[in-house]
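generate a structure from the sequence data that follows.
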Amino acid sequence: MGNMRETFFLNQLQYHHKISYPEKGDFIIEDKWLFEIGGKNKNLKQLEGWQKENAFAAIDGIEYGGDQRIPLWLFGFLY
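Numbering: from 1, shown residues only. Now for the predicted structure:
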C-alpha cells in the first residue's frame, strides 16, 4: 500500500515539478519542500530537522488536513 501511495504522489507532481529523493522523508520537491507519504496513523517523525513551513506529510485516508498533514487525494488535482 505504501508503494501505491508514493507512486500516486510522484505521478501527480513529476509532470511540473523537480523531484529528488532525500535521506530522510520520501520526496523533496523543487529542492525546497520535504514530503513524507503515509496512512492516517503516520507520525511526523521523519520531518524533524526541517523548518515546519517546508515539511509536510501527504496522508491517505483522511478527508481534511491540518498543521503539516495534507490529504493525499488533494494532490490528484495537480495533474
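
only C-alpha atoms for contact and neighbour calcs from this point on.
Fine.

all helices for this structure, in order.
2-13 (DSSP state H).

how about the strands in it?
Ranges of strands in the chain, per DSSP state E, are 19-20, 27-29, 33-38, 55-59, 69-71.

mean confidence score for the last one?
This means strand 69-71. Strand 69-71 shows a mean pLDDT of 97.

just the second one next, same as before
Here strand 27-29 scores 96 as its mean pLDDT.

check which residues of it are buried.
Residues 27, 28, 29 are the ones in strand 27-29 that count as buried (16 or more other Cα atoms under 10 Å).

give me the neighbour count for residue 57.
26 (other Cα atoms under 10 Å).

how about residue 2: what's its closest non-neighbour residue?
residue 38 (6.5 Å; Cα to Cα, 6 or more residues apart in numbering).

what residue ranges in the protein score low on pLDDT?
Along the chain, no part satisfies pLDDT under 70.

ok so, going back, possible to save the strands of the chain as TSV with distance to residue 2?
Shown next, in TSV, are those (distance: least, Cα to Cα, whole Å):
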stretch	distance to residue 2
strand 19-20	18
strand 27-29	13
strand 33-38	7
strand 55-59	11
strand 69-71	15
